[in-house]
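Colleague: all I have is the shape, not the residue letters:
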């Protein structure tokens, strides 16, 4: 009860291949935490740092083009018939935004060629051949590969290429580091007995970097990539060794993906105020429980590259996956006064089975603030018309 079948897992893609046996799911799965049964597992597997696959669309090339030209990662599922096009387009050459793709990327979007495990090494070689800076596209590339061919195939193809350049870690361009960071998330979605096969190569990456930084304590050149590997492999020990290795110091958003729950609660400290361009992570709730909801703050102050709409859409996309009363209240507030009302409505409709009872409880609670009560009534009326 409350768990997806194997056929349902396969429809969601490779990030869900091992389901409830994934190492991270075993640590963090909580039935009923998400807005749907699928979200219960997606949150435990590390959402939003994964790709879910969804139904085909009529115009896969147009869909992929539009999504790749957004300035911030979108969090809804990738249509199956657009996913391979997008992965190949990202690998083909640098994808520029806000509204231009290169001719090489356009050619990949027009292609009907799929992507199988045997294709991944060649696609990765293309990705690594040209320096680029569209970092979140490369995240999506890693997670698209995982979704399409599985995490093990992604690790098998990428790690030899990265290990071969480990001695050049301070000079190779950022694509290698961003792919390595993405692989940290992928590694944690394997069952422990399967992940063991990749530990020696990941340790080899750290060994290569130790030639430049023997105690793995210097953030120069690497950002969070080797920190992700250190945390994924060594947990609490890695945290103690590399706690200053992110731009802002210890990062609760980032560390929430790699630490186990006791270590995260003990070691991490809130950053107040949050750094610019940093949105509260729904993984705080996964790791820390409902006490973390008090730290979510005012979504109306969020911005990304001077765009409040993009920041609000990303915030709604994360917190709309948590099926708590607090999330229902956030969606009601977003529906009432944000720039992404349609997103708030769509997410509430998607998780109506869990959100509608929460919205009714908000409306019926005598202690609910009047503005929130009014917002919850409006959202209820839109989701469940009388």
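Modeller: Happy to help now that I have it. Just so it is clear, the structure is predicted and the values come from calculations on it, not from any experiment.
Colleague: domains of this structure?
Modeller: Following automatic domain parsing, the chain resolves into domains at 6-281, 282-386.
Colleague: ranking these by mean pLDDT, which is last?
Modeller: For the domains of the chain, the weakest mean pLDDT is recorded on domain 6-281, namely a mean of 86.
Colleague: that one spans what distance, first to last residue?
Modeller: Separation of the first and last residues of domain 6-281 by Cα to Cα, to the nearest Å is 28 Å.
Colleague: when you give positions from now on, start the count at 31
Modeller: Okay, using 31 as the starting number, the last item reads as domain 36-311.
Colleague: test my guess that residue 66 contacts residue 382.
Modeller: No: Residue 66 is not in contact with residue 382 according to Cβ atoms under 8 Å; the separation is 9.4 Å. Any C-beta I mention is one placed from the backbone N, CA and C, and that applies to glycine too.
Colleague: how about the secondary structure of residue 406?
Modeller: Three-state call for residue 406 (DSSP: H, G, I helix; E, B strand; the rest coil): helix.
Colleague: what sits against it?
Modeller: 358-359, 362, 389, 392-393, 398 (Cβ atoms under 8 Å, 6 or more residues apart in numbering).
Colleague: residue 323: which of these is nearest?
Modeller: residue 359 (9.5 Å; Cβ to Cβ).
Colleague: where's that closest one relative to residue 87, distance?
Modeller: Computed as Cβ to Cβ, to the nearest Å, the residue 359 to residue 87 distance reads 32 Å.
Colleague: same check on residue 379?
Modeller: In terms of Cβ to Cβ, residue 379 sits 19 Å off from residue 87.
Colleague: now residue 146
Modeller: Distance from residue 146 to residue 87, by Cβ to Cβ: 21 Å.
Colleague: do residue 365 as well
Modeller: 25 Å.
Colleague: do the same with residue 396
Modeller: 45 Å.
Colleague: ok, now residue 329?
Modeller: 29 Å.
Colleague: more crowded one of the two?
Modeller: Neighbour totals were compared for residue 329 and residue 87, and residue 329 leads with 21 against 15 (other Cβ atoms under 10 Å).
Colleague: now do the phi/psi pair for residue 334.
Modeller: phi -140, psi 120 (degrees, to the nearest 10).
Colleague: wait, residue 169
Modeller: Torsion angles, degrees, to the nearest 10, at residue 169: phi -60, psi -50.
Colleague: could you pull out the strands for the protein?
Modeller: Remark: strands assigned in the chain by DSSP state E are 83-84, 108-109.
Colleague: export those strands to TSV and tack on distance to residue 404?
Modeller: Listed next are those as TSV, based on distance: least, Cβ to Cβ, whole Å:
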stretch	distance to residue 404
strand 83-84	33
strand 108-109	36
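Colleague: reformat those strands as TSV; add mean neighbour count and distance to residue 101.
Modeller: Supplementary listing: the strands of the chain in TSV, determined by neighbours: other Cβ atoms under 10 Å; distance: least, Cβ to Cβ, whole Å:
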stretch	mean neighbour count	distance to residue 101
strand 83-84	19	22
strand 108-109	24	18
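Colleague: nearest to residue 243, of those strands?
Modeller: strand 108-109 (36.2 Å).
Colleague: which residues sit against the closest one?
Modeller: Here strand 108-109 has contacts from 81-87, 90, 93, 97, 116, 174, 177, using Cβ under 8 Å, 6+ apart.
Colleague: what of stretch 54-66?
Modeller: 32-33, 48-50, 69-76, 218-219, 290-291, 315-317, 350-354, 357, 377, 380-381, 383-385.
Colleague: how distant is stretch 136-156 from the center of its chain?
Modeller: Here stretch 136-156 is found 22 Å from its chain centre; the criterion is Cα atoms, centre = their mean, to the nearest Å.
Colleague: what's the nearest residue to residue 86 if we skip its chain neighbours?
Modeller: residue 111 (4.2 Å; Cβ to Cβ, 6 or more residues apart in numbering).
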